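Here is my input, please return the structure:
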Amino acid sequence: MSGHATPIPMTSYPSGPLKGVAAVPGDKSISHRALILGALAVGRTEITGLLEGQDVLDTAKAMAAFGAEVTKRVDGAWQVHGVGVGGFQEPDDVIDCGNAGTGVRLIMGAMATSPISATFTGDASLRSRPMRRITDPLALFGARCHGRSGGRLPLTIIGTDRPVPVRYTSPVPSAQVKSAVLFAGLNAPGETVLIEAEATRDHTERMLRGFGGEISSEKTAEGHVIVLRGQPELKPQSITVPRDPSSAAFPVAAALIVEGSNVLVPNIGLNPTRAGLFTTLVEMGADLTFENRREEGGEPVADLRARFSPDLKGVEVPPERAASMIDEYPILSVVAACATGKTTMLGVKELRVKESDRIDAMATGLRASGVKVDTDQDTMTVHGMGAGGVPGGATCQTHLDHRIAMSFLCLGMATKKPVSIEDGAPVATSFPIFEALMTRLGATITRNNSKG
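Down below sits the predicted model:
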């Protein structure tokens, strides 16, 4: 059952060619950060292309609860009148972040070095996710954190009135951990240093520079070292949010596995710390072309065209690529099922602590659809059945996870028999127009046994 709505059982049917333009929503990661940094700047930040999925809307509500003025204009753009670094006010009520793991973790970091307290909660999925990876480094700044056993939500953070800068080596490759530490470091004097063994998505660093933050990064013998100077006055910005590569992954993948398909995704973000899926698909033999490459708002973008690729081959995805495509493994496993040979995904244990245990969820649903899958704690291997070779016919559990839901709906477009999911409601958290967009391209998806 969804944490936000009545469950929506859905079925995806074998599809004819998918054709047209897939105007996917704005990037979720950038949307979260634009709202938070807009609230931490002094003055008015304007954001166009903001993803209006529930996750991001929950972050917008949270910024208003901390004292920023957040409004949507009639032309669709959003405005954030910020309160400045250290200017957050104490919220009157519990901050409900719904399903947004990125939102709650980044907001915790942004408020932890101010002398206020806040209690955070979320839906059933978010309340099951680990928060100690965030609260442990926040405690080093001087914040106090009190949550349920295992450091889970609901959780109260008592911010510190005397923050100290920290030097922190992240034990996991997580852009959420990195960003929470950097946001906390904004209101600490001196330099906060974050060290990660391998570089994770760098939207926070890029956007902080755009807002006037003093931040540097370099590769050293210690790892990827990021240095932030605290207590800046961030300057408001005009931000155009690129289209989300994680959302684009679904129409792109569906086009690759549905015979005769030709789909264009315009203005897609191609940040190198996010582009691991596309690198992997090209290695598999995918027919992808990147047209009109350019830069917008400090982020590289292009128009991506995906065509049916009947000769996809299985590959080994190296562990060092995981950080650049961690959200895309579920849909990659669907493409792998339609390839020839086996695809082995290494170093993916982080998938077990996302909105669901994504390794287990995808393996279970793929097996029910007739695909052989091997797993261990840190690895997933899918034995491909070739183009048009997956039997399908399963009803798959989504576990309140939007990416699991969309992955199995894409699978059903290329199987011999339809594939169903028990609940498509979580899709609204990140890609509210998914069903309508895929239908316009030519897919057939039904709700509760009736088309629409």
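
got the contact list for residue 59?
Contacts for residue 59 (Cβ atoms under 8 Å, 6 or more residues apart in numbering) come out as 31-32, 35-36, 97, 100, 103, 106-107. To be clear about C-beta, it is placed using only N, CA and C from the backbone, and glycine gets the same treatment.

Save these as TSV, and put in secondary structure too.
Output for the contacts of residue 59, formatted as TSV (DSSP: H, G, I helix; E, B strand; the rest coil):
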residue	secondary structure
31	helix
32	helix
35	helix
36	helix
97	coil
100	coil
103	helix
106	helix
107	helix
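
Closest one of these to residue 64?
Distance to residue 64, by Cβ to Cβ, is smallest for residue 35 among these, at 9.7 Å.

The closest one contacts residue 47, doesn't it?
Yes - counting by Cβ atoms under 8 Å, residue 47 is a contact partner of residue 35 at 7.3 Å.

quick one: the helices in the stretch 51-200 of the chain?
54-65, 101-111, 124-127, 132-141, 175-185 (DSSP state H, counting those that start in this stretch).

returning to what we had before: and which of the contacts of residue 59 is nearest residue 354?
Of these, the one sitting nearest to residue 354 (Cβ to Cβ) turns out to be residue 100, at 12.2 Å.

what about that closest one, neighbour count?
Residue 100 has 27 neighbours, counted by other Cβ atoms under 10 Å.

For the closest residue to it other than its chain neighbours, grab the count of nearby residues.
Of all residues beyond its chain neighbours, the one nearest residue 100 is residue 55 (3.8 Å), with distances taken as Cβ to Cβ, 6 or more residues apart in numbering. Neighbourhood size, residue 55 [other Cβ under 10 Å]: 25.

What pLDDT is listed against residue 3?
In this model, residue 3 is scored at 46, pLDDT.

likewise residue 323?
For residue 323, the model assigns a pLDDT of 88.

Output the below-cut-off pLDDT ranges for this protein.
Where the chain drops to pLDDT under 70, the residues are 1-5, 297, 449-452.

Domain ranges for it, per the record?
Here the domain parsing of the chain from automatic domain parsing is 10-26+244-451, 28-229.

And those: which comes nearest residue 237?
Here domain 28-229 is closest among the domains of the chain (Cβ to Cβ), at 5.4 Å.

hang on, the earlier thing: is it possible to get CSV of the helices of the stretch 51-200 of the chain that adds distance to residue 215?
Putting the helices of the stretch 51-200 of the chain into CSV (distance: least, Cβ to Cβ, whole Å) gives the following:
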stretch, distance to residue 215
helix 54-65, 21
helix 101-111, 14
helix 124-127, 29
helix 132-141, 17
helix 175-185, 7
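
Report whether residue 263 is found in a helix, as I expect.
No - read with three-state DSSP, residue 263 is strand and lies in no helix.

which secondary structure element contains the residue nearest to it when sequence neighbours are not counted?
Spatial nearest neighbour of residue 263, excluding adjacent residues (Cβ to Cβ, 6+ apart): residue 255 at 4.0 Å. Per DSSP states H and E: residue 255 is located in helix 245-257.

Output the contacting helices and strands for that helix.
helix 28-40, strand 262-269, helix 276-284, strand 299-307, helix 329-337, helix 402-412, helix 434-441 (3 or more Cβ pairs under 8 Å, 6 or more residues apart in numbering; DSSP states H and E).

starting at the chain centroid, how far to whichever helix or strand comes after the third one?
Using DSSP H and E, the helix or strand that follows helix 276-284 towards the C-terminus is strand 287-296. Strand 287-296 sits 21 Å away from the centroid of its parent chain (Cα atoms, centre = their mean, to the nearest Å).

Equivalent analysis for stretch 63-77, please.
Using Cα atoms, centre = their mean, the offset of stretch 63-77 from its chain centre is 22 Å.

Same question for that stretch: list its buried residues.
63-68, 70, 77 (16 or more other Cβ atoms under 10 Å).

Out of the residues you listed, which comes closest to residue 137?
Of the buried residues of stretch 63-77, the one sitting nearest to residue 137 (Cβ to Cβ) turns out to be residue 66, at 20.3 Å.

so who does the nearest residue to the closest one once chain neighbours are set aside touch?
Spatial nearest neighbour of residue 66, excluding adjacent residues (Cβ to Cβ, 6+ apart): residue 88 at 4.3 Å. By Cβ under 8 Å, 6+ apart, the residues touching residue 88 are 39, 66-67, 110-111, 114, 116.

tally of neighbours for the closest residue in space to residue 235 that isn't next to it in sequence?
Excluding the flanking residues, the one nearest residue 235 by Cβ to Cβ, 6+ apart is residue 212, at 4.3 Å. Other residues lying near residue 212 total 14 when counted by other Cβ under 10 Å.

Between residue 35 and residue 47, which has more neighbouring residues?
residue 35 (30 against 23).

Many thanks, we can stop here.
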